[in-house]
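Asker: give me the fold of what follows.
(4 chains)
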There are 2 protein chains.
Amino acid sequence: MSTTLKPAGETRAGDVLARMRSDIISCALKPGTKLRFETLKELYEVSFSTLREALSRLVAEGLVVAEGQRGFLVAPVSLFDLNDLTDVRVLIERQCIKLAIDCGDDRWEADIMANFHRMDRLQSRLGASYYLSDEWASLHGAFHLSLVAACGSPNLLEIRQKLFERAHRYRRMSSQFRPQWRAKDVEHKMIMDRVIARDTATAQDLVDRHIRETTENVIAHASHLFAQGGMGDSFRRKDPVAAE
Amino acid sequence: MSTTLKPAGETRAGDVLARMRSDIISCALKPGTKLRFETLKELYEVSFSTLREALSRLVAEGLVVAEGQRGFLVAPVSLFDLNDLTDVRVLIERQCIKLAIDCGDDRWEADIMANFHRMDRLQSRLGASYYLSDEWASLHGAFHLSLVAACGSPNLLEIRQKLFERAHRYRRMSSQFRPQWRAKDVEHKMIMDRVIARDTATAQDLVDRHIRETTENVIAHASHLFAQGGMGDSFRRKDPVAAE
DNA sequence: AGGTTTGATTATTTCGAAAATCCGCAGTAA
DNA sequence: TTACTGCGGATTTTCGAAATAATCAAACCT
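Answerer: Next up, the predicted model:
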């Protein structure tokens, strides 16, 4: 579940929000699950109103959906959504990379290397199953964020972050079935190198491939868990690649 | 069919949310204003919890900001935010246009023309001050949406819609000072023509210019209302144009 | 006087009960 | 059988009071 740290200055609602988000992303709360208030009240030890506030915010983040006057649901997963999400992520991430390379300074470069190192060290320490660790996921997120943190666009970064978290839920779904993932650490190092070398085009292409290959991996190993309903699973855009 | 299957079942919170959003976008609630619960409770005739839920959702939409345990604020406006918003909108809108042109069918084309006609007729009826009308703003929004509705990406459309609404607030700020706007109706017609002719590159460039010129107009006539604080107003990205 | 603590006041956040709504099911009629 | 209607229990949504935190100013110490 989630850690119940209560650092002073954090509202109760904010704390519940963070814990629920974490539980949804980690699939402790499974996609499509009906979220009953009585259950949640017991699980998170808060009252109706506080829950409702947290749920409302999660709706806006796309991790929960509101069903009219019939309560809330953990946002379902689907092949269509995963493909769409991936395409949008690629568009956003390419732009972030470009801007960061244009605007980044020395401190930005140092930050990237520091974050890579942290992630890399933990990876070695944990061995083959690093990808199951919440801590590694956190460092992995921090590394990818550090690559684009200097892009200078708060709006782009906020959109990116929300998409990243939703994608993380899909990654998580496949990791439980795939004891040995492909060697992403090599990819991460290559991306870092090209970004710091200010080689925009190559860095963009590497990140693009990094994202798409992960998606393909998820589809290969976890798509049997996806919802069948809604817009057809087999639908695929003609040209899913971002314009440029 | 799948038109609007939302007959009567609207929650109170949803209603308040819509009204507050409208009031913020129309600047009836001015940017930077402290939102006191007692005031809002009286204004919208609902209780604490319901207000809190609406406010939480607006925070996620970027129209309201939460200040720790010190309540809520109407999101401030700034030159920096306007420029950033504009750049992100251009990136998203170009992609939407491209995808819509790739995927759109006959019904999509007909929809665009119907929406243009509605907007155009109201414009004629209202005369020179059409841009002050909420109804025109609504039809204008519907027209722009219809241009990209066929893009096939729910995620992209949702992001686009939120950005559009935030930008509308800025447009609104300048319209009160500018009795005679430039002839946007001509631009709209040109955009529609190029989109329906499936001339992707030209359509993208026209929409790009449409957005950026509006922003420049706002800056020219309303930037004196913007907040001074935060990141410097004069900051401008080196190359604000989307990559491609 | 300058700066800090204390205490009263105001505003926000949380709670749990009360009202409104939905869902399933039985009963009735066509 | 099929469709419609009305009840009973379960669930969600709303409310306003109570708890908690921030603000401000007067009193206090140095």
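
Asker: could you list the domains of chain A?
Answerer: A:12-74, A:79-225 (automatic domain parsing).

Asker: of these, which is nearest chain B?
Answerer: Closest of the domains of chain A to chain B is domain A:12-74, at 3.0 Å (criterion: CB to the nearest CB). C-betas here are computed from N, CA, C, even on glycine.

Asker: and the average pLDDT for the closest one is what?
Answerer: Domain A:12-74 carries an average pLDDT of 95.

Asker: now swap in stretch A:204-212 and tell me
Answerer: On average, stretch A:204-212 scores 97.

Asker: got the CA positions of it in PDB?
Answerer: The C-alpha coordinates for stretch A:204-212 follow below in PDB (Å, rounded to 0.1, in the frame of the first residue of the first chain):
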ATOM      1  CA  GLN A 204      14.400  13.100 -30.000                       C
ATOM      2  CA  ASP A 205      14.500   9.900 -32.000                       C
ATOM      3  CA  LEU A 206      16.000   7.900 -29.200                       C
ATOM      4  CA  VAL A 207      13.300   9.100 -26.700                       C
ATOM      5  CA  ASP A 208      10.600   8.400 -29.300                       C
ATOM      6  CA  ARG A 209      11.800   4.900 -29.800                       C
ATOM      7  CA  HIS A 210      12.300   4.400 -26.000                       C
ATOM      8  CA  ILE A 211       8.600   5.300 -25.500                       C
ATOM      9  CA  ARG A 212       7.200   3.300 -28.400                       C
END
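
Asker: if we can go back for a sec, in a markdown table, list the domains of chain A along with distance to DNA strand D and mean neighbour count.
Answerer: Shown next, in a markdown table, are those (distance: least, CB to the nearest atom of the strand, whole Å; neighbours: other CB atoms under 10 Å in any protein chain shown):
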| stretch | distance to DNA strand D | mean neighbour count |
| --- | --- | --- |
| domain A:12-74 | 3 | 17 |
| domain A:79-225 | 21 | 18 |
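
Asker: next, format those as a markdown table and append distance to residue B:57.
Answerer: Putting the domains of chain A into a markdown table (distance: least, CB to CB, whole Å) gives the following:
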| stretch | distance to residue B:57 |
| --- | --- |
| domain A:12-74 | 5 |
| domain A:79-225 | 14 |
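
Asker: need the ones you listed in JSON lines (columns: distance to chain B).
Answerer: Listed next are these as JSON lines, based on distance: least, CB to the nearest CB, whole Å:
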{"stretch": "domain A:12-74", "distance to chain B": "3"}
{"stretch": "domain A:79-225", "distance to chain B": "5"}
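
Asker: dihedrals phi and psi, the closest residue to residue A:34 other than its chain neighbours?
Answerer: Closest residue to residue A:34 apart from its sequence neighbours, by CB to CB, 6 or more residues apart in numbering or on different chains: residue A:73 at 5.9 Å. Backbone torsions of residue A:73, given as degrees, to the nearest 10, read phi -140, psi 140.

Asker: how close does residue A:73 get to residue A:63?
Answerer: As judged by CB to CB, to the nearest Å, residue A:73 and residue A:63 stand 10 Å apart.

Asker: from the centroid of chain A, which residue is nearest?
Answerer: residue A:165 (2.5 Å; CA atoms, centre = their mean).

Asker: what's near enough to touch residue A:30?
Answerer: residue A:74 (CB atoms under 8 Å, 6 or more residues apart in numbering or on different chains).

Asker: just the strands in chain A please.
Answerer: All strands of chain A, identified by DSSP state E, fall at A:34-35, A:64-66, A:72-74.

Asker: need the ones you listed in TSV (columns: distance to residue A:195).
Answerer: Putting these into TSV (distance: least, CB to CB, whole Å) gives the following:
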stretch	distance to residue A:195
strand A:34-35	40
strand A:64-66	34
strand A:72-74	35
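
Asker: wait, which of those strands is closest to residue B:226?
Answerer: Between residue B:226 and those, the shortest gap by CB to CB is with strand A:64-66, which sits at 34.2 Å.

Asker: give me the helices and strands touching that closest one, please.
Answerer: helix A:48-61, strand A:72-74 (3 or more CB pairs under 8 Å, 6 or more residues apart in numbering or on different chains; DSSP states H and E).

Asker: residue contacts, the nearest residue to residue A:139 once chain neighbours are set aside?
Answerer: Of all residues not flanking residue A:139 in the chain, residue A:119 sits nearest, at 4.2 Å (CB to CB, 6+ apart). Each residue near residue A:119 by CB under 8 Å, 6+ apart is listed here: A:136, A:139, A:140, A:142, A:143, A:188.

Asker: what residues does chain A put near DNA strand C?
Answerer: A:11-14, A:45-50, A:53, A:68-70 (CB under 7 Å from any atom of the strand).

Asker: done for today, thanks.
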